[in-house]
Structure formats: structure tokens, C-alpha cells
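Q: kindly generate the corresponding structure for this input.
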Amino acid sequence: MESVILILGLLFFAFVALGVYAGVKAVGAAKRGVDRTIRQARRTVEETTLRAKSYGQTGVGGELAQLRLALRTSMRATQEALQAGAAEDASLSESLGLFKRLSVHGRELDEELKKLEREPDRATVASLLPSLKQRTERITHSADSLRWAARDRARQFSDDSLDALNAQIDVEAGALRHWTVEPDAPVQGQGGGPQGGASGRSQGQSQSQNQGQGQSHRSQGSGQEQRPGPGEGSGPGEGAARAITASDPRGRTGYPWQKAPRPETTN
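A: Numbers count the residues shown, from 1 in each chain. Okay, the predicted model is just below:
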């Protein structure tokens with residue numbers, strides 16, 4: 001009895017601990033989701049403000065806003081491209097590491113530009129603008145180089161895969177178009193070869209000529225006798241040949257994919 005109570009107590013504490021752990025994980029995930037949403041909303045608002053300042057404000061303030069907007073746009077596009085490509089191409093992990101190091105300089109420059117926006121001494125800020133533009137161009141150029149290199153690599157892999165697929169399709173299409181028609185077997189006579197077939201045909205022709213001459217003599221001798229029809233034989237003793245009838249073209253199927261013709265019905 002005591003063992004049963006102990007087991008039940010352990011199970012209860014295990015379920016309680018599991019519930020607490022799941023609750024902590026859920027709260028942490030919800031907190032991270034909220035923080036991510038807040039960061040995205042803050043970034044959207046800030047970029048919208050910068051875009052409005054760059055278009056609507058003139059002078060030093062407008063130039064600083066343009067520099068910050070160009071820097072943030074380039075860095076965000078490069079980050080998204082590298083993270084998306086690293087999931088499929090492991091070789092981009094080194095490029096992603098270089099971008100993280102570049103992001104440190106980008107954040108430092110963005111913080112400096114943000115502070116200079118609130119600087120009341122516009123003359124000093126105007127004197128610093130050339131160096132700030134140069135630093136912004138260097139960072140954005142490096143970020144753009146990484147982004148376009150990753151896109152070119154992905155496009156090259158896609159082109160190579162497409163070329164290989166096209167080659168396989170061409171081979172398969174050629175195999176599908178390759179068909180052969182077996183020629184008709186030559187008719188062999190009793191001799192088993194071309195000479196035998198020729199001798200058989202000559203014997204058949206001589207027999208038919210002899211038969212035709214005999215029938216003409218018999219028809220001249222007695223007019224009451226009837227001439228045998230084309231399909232009738234003259235008898236087993238007279239060596240008459242059977243009439244050769246042409247084959248019906250409707251009953252032949254040259255290829256396995258051709259349908260057999262339907263027979264004609266007569267009412």
C-alpha cells in the first residue's frame with residue numbers, strides 16, 4: 001500500500017514539474033514573439049520616419065536620414081538573403097559570419113548618424129558629412145557584394161540543375177521517338193532460298209499456262225461444257241491451281257497503337 005502511494009506521489013510531482021516546464025517554455029516563446037513584434041513595429045515606424053525625412057526635409061537632416069535609410073535597407077536585404085541561402089547552401093555560413101562582423105560596423109554607424117540628427121551644431125555636422133558618406137558607401141558596398149554573390153551562386157546552381165534536367169529530358173524524348181519496323185520476311189519456296197522460290201514461281205507459271213491451254217481446247221471442242229469459276233478447281237487429277245485473292249487491308253494493323261477497323265454491318 002505504501003509503495004502504491006509513493007508511486008502515485010511521484011507521478012503527481014512529475015506531472016506538476018512537466019506542467020511548470022511547459023508553462024515556462026510557453027511564456028518564454030510568447031515573450032520572444034511579443035519582443036519580435038515590438039522590434040518589427042519599431043523598425044517599421046523608424047524607417048517610415050526616415051523615409052519621410054529624406055523626402056520632405058532638406059539640408060543636413062535630410063542627408064543624414066538618407067544615409068541611415070540606405071544603410072538599413074542594404075543591411076536588412078543582405079541579412080535576409082544570406083539567412084535564406086544558408087538553410088540550403090552550407091557554404092554560405094562563412095559569408096554569414098562575415099556579415100555579422102560587418103553588422104557591428106553598420107550598427108555603430110547607424111547609432112552615430114542617429115546622434116548627429118539631434119546635434120544642434122549643424123555646421124559641424126555638415127563638415128562630417130563627407131566622411132560619413134564614405135563610411136556608409138563602404139559598408140553598403142560590402143553588404144551588396146555579399147548579397148549579389150549569394151544570389152548569383154543560387155542562380156548558377158539553378159541553371160546547372162536545369163541544364164542537367166533538360167539533357168535528361170532530351171535523352172528520354174529521343175528514346176521515346178526511337179522505334180523500328182521489322183521488314184516482311186521473304187517468301188521462300190520449296191528450295192528454302194531465293195533460287196528455290198524462283199523455281200517454284202516458274203513451275204507455278206508453267207502449270208497455269210498449261211491449264212489455260214487445256215481449258216481453251218476443251219471449250220472449243222464442246223460448247224456445252226461450262227468453264228470453271230475463278231475460285232473452283234479442275235479436280236484433283238488435273239493439277240489445277242487455286243485462285244489468289246488479295247488480303248483485306250482493313251484487317252491489318254501495322255502498329256500496336258493502331259485500332260482495328262470495325263466491320264461493316266449490312267441490314
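Q: where in the stretch 51-200 of the chain is pLDDT low?
A: 180-200 (pLDDT under 70).
Q: which residues of it fall in helices?
A: Along the stretch 51-200 of the chain, counting by DSSP state H, counting those that start in this stretch, helices occupy 60-86, 92-117, 122-177, 194-221.
Q: packing partners for the first one?
A: For helix 60-86, the contact count by 3 or more Cβ pairs under 8 Å, 6 or more residues apart in numbering; DSSP states H and E identifies helix 2-56, helix 92-117, helix 122-177 as packing neighbours. No exception for glycine: its C-beta is placed from N, CA and C like everyone else's.
Q: that helix: which residues count as buried?
A: For helix 60-86, burial by neighbour count (16 or more other Cβ atoms under 10 Å) applies to 60-61, 63-72, 74-75, 78-79, 81-82, 85-86.
Q: where do the domain boundaries of this protein fall?
A: Here the domain parsing of the chain from automatic domain parsing is 1-56, 59-172.
Q: verify the contact between residue 113 and residue 132 for me.
A: Yes. Counting by Cβ atoms under 8 Å, residue 132 is a contact partner of residue 113 at 6.7 Å.
Q: list residues touching both of the two?
A: Jointly contacting residue 113 and residue 132 under the rule Cβ atoms under 8 Å, 6 or more residues apart in numbering are 64, 67.
Q: what about the two, which has more around it?
A: A direct count of neighbours by other Cβ atoms under 10 Å for residue 113 and residue 132 places residue 113 higher, at 24 against 18.
Q: if we can go back for a sec, what's the most buried one of the domains of the chain?
A: Each of the domains of the chain was scored by mean neighbour count; the highest is domain 59-172, a mean of 15, by mean count of other Cβ atoms under 10 Å.
Q: right, and the domains of the chain - which one's nearest residue 178?
A: With Cβ to Cβ, the closest approach to residue 178 among these belongs to domain 59-172: 10.7 Å.
Q: gap between the two ends of that closest one?
A: Terminal residues of domain 59-172 lie 66 Å apart, using Cα to Cα, to the nearest Å.
Q: any idea how far residue 44 lies from residue 72?
A: For residue 44, the distance to residue 72 (Cβ to Cβ, to the nearest Å) stands at 11 Å.
Q: what of residue 138?
A: 16 Å.
Q: can you check residue 166 too?
A: 41 Å.
Q: do residue 56 as well
A: 18 Å.
Q: one more: residue 127?
A: Plainly put, residue 127 is 24 Å away from residue 72 if you go by Cβ to Cβ.
Q: ok, now residue 98?
A: Separation of residue 98 from residue 72 (Cβ to Cβ): 19 Å.
Q: same question, residue 133
A: Distance from residue 133 to residue 72, by Cβ to Cβ: 15 Å.
Q: ok, residue 165 next?
A: 39 Å.
Q: cool, and residue 61?
A: With distances taken as Cβ to Cβ, residue 61 is found 17 Å from residue 72.
Q: same check on residue 140?
A: Taking Cβ to Cβ, one finds residue 140 at 10 Å from residue 72.
Q: now swap in residue 53 and tell me
A: Applying Cβ to Cβ to residue 53 and residue 72 gives a distance of 13 Å.
Q: same check, this time on residue 87
A: From residue 87 to residue 72 the distance is 23 Å (Cβ to Cβ).
Q: now residue 58
A: From residue 58 to residue 72 the distance is 21 Å (Cβ to Cβ).
Q: just residue 106 next, same as before
A: Taking Cβ to Cβ, one finds residue 106 at 8 Å from residue 72.
Q: with residue 172 instead?
A: Noted for residue 172: a distance of 50 Å to residue 72, by Cβ to Cβ.
Q: repeat for residue 35
A: In terms of Cβ to Cβ, residue 35 sits 19 Å off from residue 72.
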